[in-house]
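Enquirer: sequence first, then the predicted structure:
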Amino acid sequence: MASNSRNHYLAWLRDAHAMEKQALSSIEAQIPRLQKTFPDVAARLTQHHQETDAQLVQIQRVLERHDTDASMVKDLAATAMATTQALGGMLATDEPVKAALMLVTFEHLEIASYRCLISAAEVCGDTASVPIFEAILDEEVAMADWLEARLGGLAQQFLLDADVDAQAEALADGNA
Ligand code: MG
Ligand code: FE
């Protein structure tokens, strides 16, 4: 493959590696926040955390197959982190509806990234990696679809709970 294409492709791979690392810490931060009120969401995120762990290993293997030095991965990943960190930082919210919106957004970043990687791998002749990216893409799409289907119910439950809390507070004030 031409060295220019290859360099871009490898850079995108390192970006994907950094993105998955960010995904791990974002998911880790959200699970305890959602556990109590939305245990099904926490459970689905726990499953996706395991998937993300495995995705990281797969991306690492693809990088190694291209003889990409591990320390180089670290250095360039730090740069790539800057692009995903802003989004990752936004995930650090205590409000479950906002957290869910951010998680959906992050999944769509991942979906877009793997679609680009599939096309890039094809152009660069790295056909062995295409099924790996396709399998990861399926997991990201499933996670995004699940969250999107759950969003409306999550928002409703959050609002109803907020009203119940407000009523309880008003009652407590009235009794004081
Ligand atoms: Mg992922
Ligand atoms: Fe994901």
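Expert: That came through fine. Quick caveat: nothing in here was measured; it's all calculated off a predicted structure. Ligands and ions are numbered 1, 2, ... in the order given.
Enquirer: quick one: contacts for residue 46?
Expert: Residue 46 is in contact with residue 31, counting by C-beta atoms under 8 Å, 6 or more residues apart in numbering. In this view, the C-beta of every residue, glycine as well, is placed from N, C-alpha and C.
Enquirer: the strand or helix carrying it - what's its average pLDDT?
Expert: In this structure, residue 46 sits in helix 39-65 according to DSSP states H and E. Averaged across helix 39-65, the pLDDT comes to 96.
Enquirer: what's the closest non-adjacent residue to residue 103?
Expert: Of all residues not flanking residue 103 in the chain, residue 147 sits nearest, at 5.8 Å (C-beta to C-beta, 6 or more residues apart in numbering).
Enquirer: ok, the one you found - how many residues close by?
Expert: 21 (other C-beta atoms under 10 Å).
Enquirer: is ligand 2 contacted by the helix holding residue 46?
Expert: No. Helix 39-65 is not in contact with ligand 2 by C-beta under 5 Å from the ion; minimum separation 5.7 Å.
Enquirer: returning to what we had before: hmm, the residue nearest to residue 103 is touching residue 100, no?
Expert: Yes. Using C-beta atoms under 8 Å, residue 147 is in contact with residue 100, at 6.0 Å.
Enquirer: could you tell me which residues touch both of the two?
Expert: Shared contacts of residue 147 and residue 100 (C-beta under 8 Å, 6+ apart): residue 41.
Enquirer: show me which residues of this protein sit near ligand 1.
Expert: 23, 52, 55, 110.
Enquirer: repeat that for 8 Å
Expert: 19-20, 23, 48, 51-52, 55, 107, 110, 136, 139-140, 143 (C-beta under 8 Å from the ion).
Enquirer: can I get those in JSON lines with neighbour count and distance to residue 127?
Expert: Shown next, in JSON lines, are the residues of the chain next to ligand 1 (neighbours: other C-beta atoms under 10 Å; distance: C-beta to C-beta, whole Å):
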{"residue": "19", "neighbour count": "26", "distance to residue 127": "23"}
{"residue": "20", "neighbour count": "24", "distance to residue 127": "22"}
{"residue": "23", "neighbour count": "28", "distance to residue 127": "26"}
{"residue": "48", "neighbour count": "23", "distance to residue 127": "27"}
{"residue": "51", "neighbour count": "19", "distance to residue 127": "23"}
{"residue": "52", "neighbour count": "24", "distance to residue 127": "25"}
{"residue": "55", "neighbour count": "25", "distance to residue 127": "19"}
{"residue": "107", "neighbour count": "22", "distance to residue 127": "26"}
{"residue": "110", "neighbour count": "25", "distance to residue 127": "22"}
{"residue": "136", "neighbour count": "24", "distance to residue 127": "16"}
{"residue": "139", "neighbour count": "19", "distance to residue 127": "21"}
{"residue": "140", "neighbour count": "24", "distance to residue 127": "21"}
{"residue": "143", "neighbour count": "24", "distance to residue 127": "26"}
